Structures are given as structure tokens and as C-alpha cells.
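Visitor: next one to model:
(4 chains)
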There are 2 protein chains.
Amino acid sequence: MASTFTHRNLPRLLLQAREAVMAHTRPSLREHALSDQQWRVLRVLGEHGAVETGRVAREAFILGPSLTGVLARMERDDLITRSRDPEDQRRTVVEATAHGMKLVKKLSSSIESHYQWLEQSLGKAKLTQLYGLLDELIALEQPE
Amino acid sequence: MASTFTHRNLPRLLLQAREAVMAHTRPSLREHALSDQQWRVLRVLGEHGAVETGRVAREAFILGPSLTGVLARMERDDLITRSRDPEDQRRTVVEATAHGMKLVKKLSSSIESHYQWLEQSLGKAKLTQLYGLLDELIALEQPE
DNA sequence: GCAGATCATTTAATATATTAAATAATCCGC
DNA sequence: GCGGATTATTTAATATATTAAATGATCTGC
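Guide: This is a model prediction of the structure:
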């Protein structure tokens, strides 16, 4: 059965690369009972402090309706708190709890050292090149 | 709020790149009422003909339990048929229906032309370079 | 030939993704 | 200040992801 395609499957390759990288950090997340999505949310909160859910959704790459459930479970597990923005009652503001913050810091350093390892293994030049090509690809496909 | 990270978020970047590429092909899929996963399955069947579910799972990057549901809906929608391998009754063999095959061929050429466009826009050299770097990254992270 | 180990797939339970529609607060022109 | 347009988030319904456990068929040594 001959293939209908002459090019490589780029979305699949990107997915595979992402899974390969995540395979290293996932065990650390699971040790602390965090899902991938919960970690992405915590990471955003660790970088920016109190953030409205719209921005969390954009930065953590989670759609609104999914985020509602993710945040509900994170609140249940004492990772975050939610409150209305008093300036604009349409907005919900999310903030990490002390417990959530502790996790961010602990996991950040673990993940950072994985990047150090990657930079050593692949080479700094190639890693930079990869970032650049991905940026170009994204800019091409979604001009703004 | 200062960031805890000195490196870029590689998994996020890969996810974003993948979404950017898929944003172009998704509308064509949805026109034919296909989900991303259903398309990945059809693509495998288009390349290899009749395939056992284990291989479908590997090549389409779908975990077994998810695949069960995906295949059930595809069977319901007359895209595929399932049957037991008479040689080894543990295995289930999947094959595209005529309708499924027609969709593969129609969508393949549409997607192929998107790759042609991408190769023009980004440049053949850079695209090849990107493939190579992703391959290296995958090989590094999951040595076998 | 049979018991246990192994392998392929499915079931079960919970979490997340996707799309459309609903809700609820703010804005804006008048 | 009132009513329609806009914006932010949530609800609803269905599909997919994830993990562990169950089922069912095959192999393997004895």
C-alpha cells in the first residue's frame, strides 16, 4: 500500500517531540498529583502572580470551558483561589495558594535542570536554532 | 513577578507550532465531520491498508483505551470496519471502507498542497533543518 | 496437554477537549 | 439612565485522554 503523501507528517512530528520532552517532566508532576494542565496553570501563576482567567487560558493554552473544570479541581485541591475582579465584575482572578506556590518553585528547578541537560546534549546552537525555526513556523501559519 | 525560568518553554512552543499548522487543515477535516483523531486513523489506513489496532495506536499516537471509542464511532459513521485476525484471535484488524478511502484521498491532496505552500514560504532548507532538529530532539529524549 | 506467564484489547472511572449556547456584567450611543 | 451590542465566563453535550484493572486469547515450559 503506497503512501499518498510525499512530505513528512509535521503535526505528528511536533506532537512526538512534545511527548518526548514531556516524558521527562511528567513523572515529577505526577509525584505531586498534578496533571499537565494544572502544571501549565501553576506555571503561569508563578510567572505573573494574580491573573484573570482569560489570560490564564491564553498562556496555558487551555480553552475556556476546559479551564473552568481545571480551576475547580485546583481550588478543591488547595492549589489556587478564585475571586471576582472588583474593577470589572465580569472577570475572575486566579491566584496560587501558598501550597501551590511551593509546588511551582520545587518543580521549576527540577524542570530547569532538565533544560540544562538538553542544552548540553543537543548543543546550545541547535536549541536556539530550533526555537527560531518554531517561531518562524508559527509566525508564518498565523500572521497577525 | 519575576519568572523562575531562564529557558523558553519548549513543550508549549511545540504545542503552539502544532496548533498553528493544524489550524489550516482542521477546517477541511470538519467539513467532512472528521475529528483530528479520526483523521490520524484514516491517514494510517490510507498508507498501510488493513492494520491491527496496536499499530494504529502507535502510528496515530492514540492510546489504546481512547482508540476503542474512536474506532467505535468511526465504524458507526461507516468510515472503517473491524474484524478479528483469524491467525491470532487476540488481534483486531481495522480497514477503511470505500467511503473512508474516498475521504483519505480527497483530504490528502488538500493537505499535501498546504505542505507545498509551507515549503515555499519557509524555504525547503529550513523545513528540512526543522525535521532534522525534531528528529534529533526525539532521539535524545527517548533513546532506544 | 495443562498452568502460569504474556500479550492485545476492552471496560471503568475520572479528567480534559471541543463546539454551541446561555448567563451575566460592562460599555456605548443616544 | 436605557437598550442593544460587546465581553468574560460558565453550562451543556459529546468526544477524547489517562490510569488501573479486567477480559480473552496465545505462548511456553514442563
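
Visitor: switch to C-alpha atoms for all contacts and neighbour counts from now on
Guide: Will do.

Visitor: hmm, residue A:76 and residue A:100 touching each other?
Guide: No: applying CA atoms under 8 Å as the test, residue A:100 and residue A:76 come out as separate, 12.0 Å apart.

Visitor: so for these two, which residue has more residues nearby?
Guide: Taking neighbours as other CA atoms under 10 Å in any protein chain shown, residue A:100 and residue A:76 compare with residue A:100 leading, 21 against 11.

Visitor: the more buried one in helix, strand or coil?
Guide: helix (DSSP: H, G, I helix; E, B strand; the rest coil).

Visitor: separation between it and residue A:49?
Guide: 11 Å (CA to CA, to the nearest Å).

Visitor: what's the spacing between the spatially most central residue of chain A and residue A:89?
Guide: Per CA atoms, centre = their mean, the C-alpha nearest to the average position across chain A is that of residue A:40, at 3.5 Å. Distance, residue A:40 to residue A:89, by CA to CA: 25 Å.

Visitor: next, the residue of chain A found nearest DNA strand C: secondary structure please.
Guide: In chain A, the residue that lies nearest DNA strand C is residue A:89 (3.5 Å; CA to the nearest atom of the strand). Under the three-state scheme (three-state DSSP), residue A:89 adopts coil.

Visitor: quick one, phi psi at it?
Guide: When read as degrees, to the nearest 10, the backbone of residue A:89 gives phi -60, psi -10.

Visitor: what's around it, how many residues?
Guide: Neighbours around residue A:89, by other CA under 10 Å: 9.

Visitor: also residue A:45?
Guide: Residue A:45: 26 neighbours (other CA under 10 Å).

Visitor: quick one: the host helix or strand of it near DNA strand C?
Guide: If you go by DSSP states H and E, residue A:45 is part of helix A:36-48. Yes: residues of helix A:36-48 contacting DNA strand C under CA under 7 Å from any atom of the strand: A:36, A:37, A:38.

Visitor: would you check that residue A:59 makes contact with residue A:44?
Guide: Yes: contact criterion CA under 8 Å: residue A:59 and residue A:44 qualify, at 6.8 Å.

Visitor: those two: who's more crowded?
Guide: When residue A:59 and residue A:44 are compared on other CA under 10 Å, the one with more neighbours turns out to be residue A:44, at 22 against 15.

Visitor: relative to chain B, how far out is the more buried one?
Guide: The gap separating residue A:44 from chain B is 9 Å, by CA to the nearest CA, to the nearest Å.

Visitor: if I look at that residue, how far off is residue A:70?
Guide: Taken as CA to CA, the span from residue A:44 to residue A:70 is 14 Å.

Visitor: where in chain A is pLDDT low?
Guide: A:1-3, A:143-144 (pLDDT under 70).

Visitor: out of everything not next to it in sequence, what's closest to residue A:18?
Guide: Once flanking residues are discounted, residue A:18 sits nearest to residue B:11: 5.2 Å by CA to CA, 6 or more residues apart in numbering or on different chains.

Visitor: return the residues in contact with the one you found.
Guide: By CA atoms under 8 Å, 6 or more residues apart in numbering or on different chains, the residues touching residue B:11 are A:18, A:21, A:22.

Visitor: nearest residue to the last one in space, please, no chain neighbours.
Guide: Right, the one you point to is residue A:22. residue B:11 is the one closest to residue A:22 (CA to CA, 6+ apart), at 6.9 Å.

Visitor: next, residue A:78: secondary structure please.
Guide: Per three-state DSSP, residue A:78 ends up coil.

Visitor: burial measure for residue A:42, as a count.
Guide: If you count neighbours by other CA under 10 Å, residue A:42 ends up with 27.

Visitor: now residue A:49, what are its backbone angles?
Guide: phi 70, psi -130.

Visitor: ok, it touching residue A:96?
Guide: Yes: using CA under 8 Å, residue A:49 makes contact with residue A:96 at a distance of 7.4 Å.

Visitor: picking that back up, can you say which helix or strand has the residue nearest to residue A:22 in it?
Guide: Counting by DSSP H and E, residue B:11 is found in helix B:10-31.

Visitor: measure residue A:112 to residue A:17 for me?
Guide: 18 Å.

Visitor: okay, these two: which has more neighbours?
Guide: residue A:17 (25 against 17).

Visitor: which residues of chain A lie near DNA strand D?
Guide: Residues of chain A lying close to DNA strand D (CA under 7 Å from any atom of the strand) are A:30, A:52-55, A:64-65, A:67-68, A:90-93.

Visitor: which element is the residue in chain A positioned nearest to DNA strand D on?
Guide: With CA to the nearest atom of the strand, the shortest gap between chain A and DNA strand D falls at residue A:54, namely 3.2 Å. Here residue A:54, judged by DSSP H and E, is contained in helix A:53-60.
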